[in-house]
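>>> when you get a sec, could you give me coordinates for this:
(chains A and B)
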Amino acid sequence: MAETDYRITRRAVLEGGAATCLFLASGLPVGAQNAGVVMTAGPANAPISRIPMTFRINATEHALELDPRTTLLDALRNHLGLTGSKKGCDHGQCGACTVLVNGRRINSCLSLAAQHEGDEITTVEGLADGDRLHPVQAAFVAQDGFQCGYCTPGQICSAVGMLEEVRAGWPSHASADVASGPGALTEAEIRERMSGNICRCAAYPNIVAAIRDAAEEV
Amino acid sequence: MQPFTYQRANNVKEAAAAVAANREARFISGGTNLLDLMKLEIERPTHLLDISRLPLDSIEETPEGGLRVGAQVRNSDLAADPRVRSRYPVLSQALLAGASGQIRNKASTAGNLLQRTRCFYFYDRNMPCNKREPGTGCAALEGFNRIHAVLGASEACIAVHPSDMAVAMAALNAEVETTLPDGTIRTMPIGDLHRLPGATPHVETALGHGEMITAVILPPAPPGRQLYRKVRDRASYAFALVSVATVIEKSGDRIRSARIAIGGVAPKPWRPLEAEYVLAGAAAADSAFTEAAESALAGAVGRGGNDFKIPLAKRTLRQTLAAAVEGA
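As a prediction, the model looks like this:
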């Protein structure tokens, strides 16, 4: 099992604070949001069975024993210290938790860790090549594709997966004709294909510009 | 989330028998709807049987010239399949109009069919809901009900089925193949899969506990033009207020045949057969589209907030028929 680094930075504390505000605003009981991680929402004394599982995350093997309720997102953030993937809504509506599984973008909050045994998972931490940013990351920096940054890891992972889908010739709802596949990657195409990622700061114009730049680059 | 045990299924027959033997067990595949509901403790299974890796993820030609879509084919793969895009474009269009890229990458074909309503009151455990807790009443009847059903509903429940994919499949006369816990295989028209609520809105499908959907069979592509149109509150990533899937075949200036399925208005994809009869043999003109639309919504009942869906559905139907005929 790989070493887990739990250093707490000022940035992490700020992000934690932002997350707490988001949860309170959702109107859900705090215990329910944390269920499956620290607190359990089941009967008070119910034994928690743990199941062993292994994944390959950012090209490193990890072996964990987890409560079956643990989502992939909670496994990444709470058990492996990979806090790049963010917990926004925890219901698949905001896209902040987007990661790549076997190259495809998914909402890691709507997936059980146990379902990903043996999968190849890439989080935002695994995109760069050493100090060299992934072209999508570099484009977000160059185009200022964010304000607060909370949705950014999800936006970037989603964009990486989305550009792969375009390359594979997948049409979208914005494509004129599904049979002929995607045409040019227009603003309408980018906005439609990225609609699963919400930006509360509304940095959308710069996000779209970054993805357009990255599309030429990748 | 309530505690549960997790297991990966080895094969279809064993999986169906295992779930059938445990009232509290459920199949899980993409999990995009089930986990959402489990986090809210609306679904409380004590055992999950993961069927996502069963070898049901291929799309194969049938001897009749149609396609057999495995139950575990992901929504994104189904939408992107070149055979589906060229022969069943209405299905690709409907899939791409639903959910987000991330969710389509996880959601399975069978899971899409079996997803549950997004009725606000079904999701709100502080409110009565006959679907969630039979006998407690329906808060939507007198509540905020602009997303609710105008056709096929009952005094017990006015929730709509949220799928886009199922609406296109209904227009394509798809069949659903299942395996029963004893290993028997049966098929049913997709129109028989979902039940109307009547007095038992918690009974949503014709499937028994443990019965597993293994495939959706698309008959050979029907002649004519296919089209899916969706009207919603946001331009993307929102459920339909009204959607229309149609297949129209023309002969000269007349309509030879038309099939219509309407989404967002009923507890299941709604096939207004009477409107299809109106169109068969009619001149391809606005008067026929209007008559068909009036006929399709003749039995519609508004509950206040959703009254607008009745004229909206008529307009969407007329507009979709006209657009389809143009290219037919």
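
>>> ok, and the closest non-adjacent residue to the residue in chain B positioned nearest to chain A?
Closest approach between chain B and chain A, counting by CB to the nearest CB: B:Ser100, at 2.6 Å. Yep, even glycine has a C-beta here, placed from its N, CA and C like the rest. Nearest residue to B:Ser100, sequence neighbours excluded (CB to CB, 6 or more residues apart in numbering or on different chains): A:Gly196, at 2.6 Å.

>>> what is the neighbour count of that neighbour?
Residues lying near A:Gly196 (other CB atoms under 10 Å in any protein chain shown) number 25.

>>> could you do A:Ala202 as well?
Residues contacting A:Ala202 under the criterion other CB under 10 Å number 10.

>>> by mean pLDDT, flag the weakest helix or strand of chain A.
When each helix and strand of chain A is scored by mean pLDDT, DSSP states H and E, helix A:30-34 comes last, with a mean of 36.

>>> which is the succeeding secondary structure element to it?
Where DSSP states H and E defines the elements, the next helix or strand beyond helix A:30-34 is strand A:51-57.

>>> where do the helices of chain B begin and end?
B:12-20, B:34-39, B:75-80, B:82-87, B:89-96, B:101-106, B:109-114, B:120-123, B:165-171, B:273-279, B:286-296, B:309-327 (DSSP state H).

>>> please report phi then psi for the one residue in chain A that gets nearest to chain B.
Taking CB to the nearest CB, chain B has its nearest neighbour within chain A at A:Gly196, 2.6 Å off. Here is the backbone geometry of A:Gly196 (degrees, to the nearest 10): phi -80, psi 10.

>>> for B:Leu207, see how far away it is.
29 Å (CB to CB, to the nearest Å).

>>> again with B:Ala283
42 Å.

>>> ok, those two, which is more surrounded?
B:Leu207 (20 against 12).

>>> mean confidence score for stretch B:138-156?
For stretch B:138-156, mean pLDDT is 98.

>>> and the stretch 101-250 of chain B, which residues reach chain A?
Residues of the stretch 101-250 of chain B lying close to chain A (CB under 8 Å from any CB of the partner chain) are B:Gly101, B:Gln102, B:Ile103, B:Asn105, B:Lys106, B:Ala235, B:Ser236, B:Tyr237.

>>> now A:Asp119: closest residue in space, sequence neighbours ignored.
A:Val101 (5.2 Å).

>>> which strand residues bridge the one you found?
A:Val101 forms beta bridges with A:Arg104, A:Ile121, as assigned by DSSP bridges.

>>> neighbours of it, how many?
Summarising burial for A:Val101: neighbours were counted as other CB under 10 Å, giving 20.

>>> my read: it touches A:Gly118, true?
No: with contact defined as CB atoms under 8 Å, A:Val101 does not reach A:Gly118; the gap is 10.8 Å.

>>> where along chain A do the helices fall?
Under DSSP H, chain A gives helices at A:10-26, A:30-34, A:72-74, A:135-142, A:152-167, A:187-193, A:204-217.

>>> ok so, going back, quick one: contacts for the residue of chain A closest to chain B?
Contact analysis of A:Gly196 by CB atoms under 8 Å, 6 or more residues apart in numbering or on different chains lists A:Gly95, A:Thr98, A:Asn107, A:Ser158, B:Ala99, B:Ser100, B:Gly101, B:Gln102, B:Ile103, B:Tyr237.

>>> make it 7 Å
A:Gly95, A:Ser158, B:Ser100, B:Gly101, B:Gln102, B:Ile103, B:Tyr237 (CB atoms under 7 Å, 6 or more residues apart in numbering or on different chains).

>>> now do the residue nearest to B:Val150 when sequence neighbours are not counted: how many residues are near it, please.
Setting aside the residues directly before and after it, B:Val150 is nearest to B:Ala300 in space (CB to CB, 6+ apart), at 4.2 Å. Using other CB under 10 Å, B:Ala300 has 21 other residues around it.

>>> how about B:Lys250?
19.

>>> next one: B:Glu60
Counted with other CB under 10 Å, B:Glu60 comes out at 12.

>>> quick check: the nearest residue to it once chain neighbours are set aside vs B:Val325, distance?
For B:Glu60, ignoring the flanking residues on the chain, the nearest one in space by CB to CB, 6+ apart is B:Arg68 at 4.8 Å. From B:Arg68 over to B:Val325 the distance is 31 Å, taken as CB to CB.

>>> more neighbours: which of the two?
Set side by side, B:Arg68 and B:Val325 show more neighbours around B:Val325, with 23 against 19, by other CB under 10 Å.

>>> does that one touch B:Ala284 like I think?
Yes: assessed by CB atoms under 7 Å, B:Val325 is found in contact with B:Ala284 at 4.7 Å.

>>> touching both of these two, which residues are there?
Residues touching both B:Val325 and B:Ala284 (CB under 7 Å, 6+ apart): B:Lys250.

>>> quick one: end-to-end length of stretch B:73-90, please.
Start to finish, the residues bounding stretch B:73-90 are 17 Å apart (CA to CA, to the nearest Å).

>>> return the distance of that stretch from the chain's centre.
16 Å (CA atoms, centre = their mean, to the nearest Å).

>>> equivalent analysis for stretch A:134-154, please.
On CA atoms, centre = their mean, the centre of stretch A:134-154 falls 13 Å from that of its chain.

>>> restricting to C-alpha, output it in PDB.
Extracted C-alpha coordinates of stretch A:134-154, given in PDB (Å, rounded to 0.1, in the frame of the first residue of the first chain):
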ATOM      1  CA  HIS A 134      -1.400  18.600 -18.800                       C
ATOM      2  CA  PRO A 135      -2.400  20.800 -21.800                       C
ATOM      3  CA  VAL A 136      -5.900  21.200 -20.400                       C
ATOM      4  CA  GLN A 137      -4.500  22.300 -17.000                       C
ATOM      5  CA  ALA A 138      -2.100  24.700 -18.800                       C
ATOM      6  CA  ALA A 139      -5.000  26.100 -20.800                       C
ATOM      7  CA  PHE A 140      -7.100  26.700 -17.700                       C
ATOM      8  CA  VAL A 141      -4.200  28.700 -16.200                       C
ATOM      9  CA  ALA A 142      -3.600  30.600 -19.400                       C
ATOM     10  CA  GLN A 143      -7.200  31.500 -19.900                       C
ATOM     11  CA  ASP A 144      -8.000  32.100 -16.200                       C
ATOM     12  CA  GLY A 145     -10.700  29.400 -16.400                       C
ATOM     13  CA  PHE A 146     -11.700  29.700 -12.800                       C
ATOM     14  CA  GLN A 147     -12.400  32.100  -9.900                       C
ATOM     15  CA  CYS A 148     -12.600  30.300  -6.600                       C
ATOM     16  CA  GLY A 149     -11.200  27.100  -8.100                       C
ATOM     17  CA  TYR A 150     -13.500  24.600  -6.300                       C
ATOM     18  CA  CYS A 151     -15.000  23.200  -9.400                       C
ATOM     19  CA  THR A 152     -11.700  23.300 -11.400                       C
ATOM     20  CA  PRO A 153     -10.400  19.800 -10.800                       C
ATOM     21  CA  GLY A 154     -13.700  18.400 -11.900                       C
END
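
>>> cool, thanks, signing off.
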